[in-house]
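Undergrad: could you look at this predicted model? Sequence included:
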Amino acid sequence: MQTNVKNTSLFDFHGKPSFLKALPLSLQHVLAMIAGVITPPIIIAGVVGSTPQEKLLLIQIAVLASGVCTLFHLYGVWKFGARLPAIFGVGFAYVPTLIAVGAQYGIGGILGAQLIGGITMMVVGYFIQYIRHLFPPVVAGTVVLVIGLSLYDIAVRYMAGSGNVNAPNFGDPMNWMVGLVTLLTVLLASQFGKGVVKLAAIIVGILVGYALALVLGMVNFDPILNAKWVAIPELMPFELEFHTGAIISMVVICVINSVQTIGDLSATSVGGMNRELKTSELTGGLLGNGLTTALSSFFGALPTSTFSQNVGIVAMTKVISRYVLAIAGVFMVFAGLSPKFGAVMTTIPYPVLGGATITVFGMITMTGIQLLIKDELSARNMTIVGLSLALSMGIAQVPAAIEQLPDGLISVIGGAPIVVAAITAFVLNIVLPKHSLADEQKEREEIARADAEASAKHHEQTSGNAE
């Protein structure tokens, strides 16, 4: 007689561990993403001149949309949804473009262009099965590698006290002490901890860092006191406007973000599941992300994307249970419906978040390298990676170098090295002739043989002349 054994594994996508075992692992996903979710609407609210009520609405709906989007991708509907252990939500990748569009056309211009951008992503998702060969590991790996590298300054800024270098007390030694204690705790828990402590190393670090920050008087509880208990989102809180310039900018960044999604989903499958990304998962991820981005525009939520820091957590812990990530999604939904509940998470000081996430960003970088070495490290591929890194990180470090370019081009490439890396790697992969390591070795041997023959012939001629 065969008995059905319940799958409780943390390391199986369909595993369903106990709630108490899954909870801390879920919370570290929430804590890793919460700052990234609420920061874009805060930035955009300032750019478009939102009222305090509109600012709170943009934050609330961003949190809610992130939770719904994550659950949608975990379980999927028809062909929509990645069905991978990935977190989706309102992300940083769009911020430079949103700032440029918002400054000129306001929040209505952003949301109208976003609707078209989401539809464009769905088109890319539909055709990706026919063009996936244009995004081999050398392209996807380069994008993931640059994603990791481009996040380091965010973690360091957080450890120094804020995402803004002009903030009061930025770089204060006390901020660094809290950040480094948090980082040290994460390292100790991940390397020497056992069981849940080892797997939940990030949340352990956050708890220790938060306790220290609380003692030092660095925690501000005002957001909790001022937030409502319940707030239900409404349809069309902002009127959608459609402007050609805004639409072009948003379509371009949505297509580029599709490449980042390919990279993040590839990193999730390789780093967390030790296998290549399936075409159905990639198609579902892009279709689903396009759909949620388009629908979000009707509720005032900004565009959605994969969260690279959570990809890093999956790669580091190897916890891929859908149940674990679904709890994180449910938490985000509740946080979106109850601003007061979400406000609790926003009380975590920046140094604590920075100290906890910098190791995660390092794991993203290493996952990119893992993807790259799946392909041959031929001279061609090294040229693609090297030039993509040089241009993307170089422009990011010297933004003044592109200030005289057209505004539309600056809005696309100026704030995100990921965009430059993706375009460069994609174009070079198409343009450069493909040579395997064996072909290159054969070519080198032929050159060496020809050189040897030429040297021998020259030696014979020299000897003959001497005689």
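TA: Thanks, I have it.
Undergrad: so which bits of stretch 14-27 are buried?
TA: Buried residues in stretch 14-27, defined by neighbour count with 16 or more other C-beta atoms under 10 Å: Gly15, Lys16, Pro17, Lys21, Ala22, Leu23, Pro24, Leu25, Ser26, Leu27. Yep, even glycine has a C-beta here, placed from its N, CA and C like the rest.
Undergrad: and it, how far out from the chain middle?
TA: Offset of stretch 14-27 from its chain centre (C-alpha atoms, centre = their mean, to the nearest Å): 23 Å.
Undergrad: quick one: mean pLDDT for that stretch?
TA: Mean pLDDT, stretch 14-27: 89.
Undergrad: one step back: in helices, which of the buried residues of stretch 14-27 appear?
TA: Lys21, Ala22, Leu23, Pro24, Leu25, Ser26, Leu27 (DSSP state H).
Undergrad: for those residues, give me CSV that also has distance to Thr51.
TA: Formatted as CSV, those follow (distance: C-beta to C-beta, whole Å):
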residue, distance to Thr51
Lys21, 44
Ala22, 39
Leu23, 37
Pro24, 38
Leu25, 38
Ser26, 34
Leu27, 32
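Undergrad: what strand or helix carries Gly89?
TA: Counting by DSSP states H and E, the element that carries Gly89 is strand 88-90.
Undergrad: against which helices or strands is that strand packed?
TA: Under the contact criterion of 3 or more C-beta pairs under 8 Å, 6 or more residues apart in numbering; DSSP states H and E, strand 88-90 touches helix 19-48, helix 52-75, helix 279-296, strand 304-306.
Undergrad: deepest in the core, which of those is it.
TA: Ranked by mean neighbour count, the helices and strands packed on strand 88-90 are led by strand 304-306 with a mean of 29 (mean count of other C-beta atoms under 10 Å).
Undergrad: show me what that one is packed up against.
TA: Helices and strands touching strand 304-306, by 3+ C-beta pairs under 8 Å, 6+ apart, are helix 52-75, strand 88-90, helix 244-273, helix 279-296.
Undergrad: just the buried residues of stretch 14-27 now: which is nearest Leu295?
TA: Ser26 (24.7 Å; C-beta to C-beta).
Undergrad: not counting its neighbours along the chain, what's nearest that closest one?
TA: Closest residue in space to Ser26, ignoring its immediate chain neighbours: Ile327 at 3.8 Å, by C-beta to C-beta, 6 or more residues apart in numbering.
Undergrad: in a markdown table, list the buried residues of stretch 14-27 along with distance to Ser378.
TA: Below are the buried residues of stretch 14-27 laid out as a markdown table (distance: C-beta to C-beta, whole Å):
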| residue | distance to Ser378 |
| --- | --- |
| Gly15 | 39 |
| Lys16 | 44 |
| Pro17 | 43 |
| Lys21 | 45 |
| Ala22 | 43 |
| Leu23 | 47 |
| Pro24 | 44 |
| Leu25 | 40 |
| Ser26 | 42 |
| Leu27 | 44 |
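Undergrad: closest to Ala396 among these?
TA: Checking those against Ala396 with C-beta to C-beta, the nearest one is Leu27 at 32.0 Å.
Undergrad: do you know how far that closest one is from Thr357?
TA: Using C-beta to C-beta, to the nearest Å, we find Leu27 at a distance of 14 Å from Thr357.
Undergrad: then Val186?
TA: Val186 is 9 Å from Thr357, by C-beta to C-beta.
Undergrad: what's the overlap in contacts for the two?
TA: By the contact definition C-beta atoms under 8 Å, 6 or more residues apart in numbering, Val186 and Thr357 are jointly contacted by Ile202.
Undergrad: what lines up beside the strand holding Gly89 in the sheet?
TA: Within its sheet, strand 88-90 is paired with strand 304-306 (antiparallel), according to DSSP bridges.
Undergrad: next SSE downstream of the partner strand?
TA: helix 308-317.
Undergrad: send the alpha carbons of that following helix over as CSV?
TA: The C-alpha coordinates for helix 308-317 follow below in CSV (Å, rounded to 0.1, in the frame of the first residue of the first chain):
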residue,chain,number,x,y,z
SER,A,308,17.6,41.3,-7.8
GLN,A,309,18.3,41.4,-4.1
ASN,A,310,15.8,38.7,-3.6
VAL,A,311,17.4,36.7,-6.4
GLY,A,312,20.6,36.9,-4.4
ILE,A,313,18.8,35.6,-1.3
VAL,A,314,17.5,32.6,-3.2
ALA,A,315,21.0,31.9,-4.7
MET,A,316,22.6,32.2,-1.2
THR,A,317,20.2,30.1,0.8
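Undergrad: out of the ones in helices among the buried residues of stretch 14-27, which is nearest to Pro349?
TA: Closest approach between those and Pro349, by C-beta to C-beta: Leu27, at 17.0 Å.
Undergrad: any idea which element the nearest residue to that closest one once chain neighbours are set aside lies in?
TA: Among residues not flanking Leu27 along the chain, Ile203 sits closest, at 5.3 Å (C-beta to C-beta, 6+ apart). Counting by DSSP H and E, the element that carries Ile203 is helix 201-215.
Undergrad: give me the contact list for that helix.
TA: 24-25, 27-28, 31-32, 178-179, 181-183, 185-187, 189-190, 193, 197, 219, 313, 317, 348-349, 351-353, 355-357, 359-360.
Undergrad: can we see that at 6 Å?
TA: 24, 27-28, 31, 178, 181-182, 185-186, 189-190, 219, 349, 352, 355-356 (C-beta atoms under 6 Å, 6 or more residues apart in numbering).
Undergrad: swap in stretch 145-163?
TA: With C-beta under 6 Å, 6+ apart as the test, stretch 145-163 has contacts from 169-172, 175, 179, 308, 350-351, 353-355, 357-358, 361, 364-365, 368, 392, 417-418, 421.
Undergrad: how close does Leu145 get to Gly263?
TA: 9 Å.
Undergrad: let me redo that: Asn274
TA: On the measure of C-beta to C-beta, Asn274 and Gly263 end up 17 Å apart.
Undergrad: neighbour-wise, which of those two wins?
TA: Neighbour count, other C-beta atoms under 10 Å: between Asn274 and Gly263, Gly263 has more, with 32 against 10.
Undergrad: read off the pLDDT value for the more buried one.
TA: The model reports Gly263 with a pLDDT of 78.
Undergrad: do you know how far it is from Ala32?
TA: For Gly263, the distance to Ala32 (C-beta to C-beta) stands at 18 Å.
Undergrad: over to Pro136?
TA: Taking C-beta to C-beta, one finds Pro136 at 29 Å from Ala32.
Undergrad: which one of the ones in helices among the buried residues of stretch 14-27 is nearest to Met236?
TA: Ser26 (32.3 Å).
Undergrad: quick check: the closest one touching Tyr323?
TA: No. Applying C-beta atoms under 6 Å as the test, Ser26 and Tyr323 come out as separate, 8.7 Å apart.
Undergrad: picking up where we left off before, could you identify the helix or strand that succeeds the helix holding Ile203?
TA: helix 222-226.
Undergrad: neighbours of the residue lying closest to Thr306 once chain neighbours are set aside, how many?
TA: Leaving aside its sequence neighbours, Thr306 sits nearest to Asp264 (C-beta to C-beta, 6+ apart; 3.7 Å). Per other C-beta under 10 Å, the neighbour tally for Asp264 reads 32.
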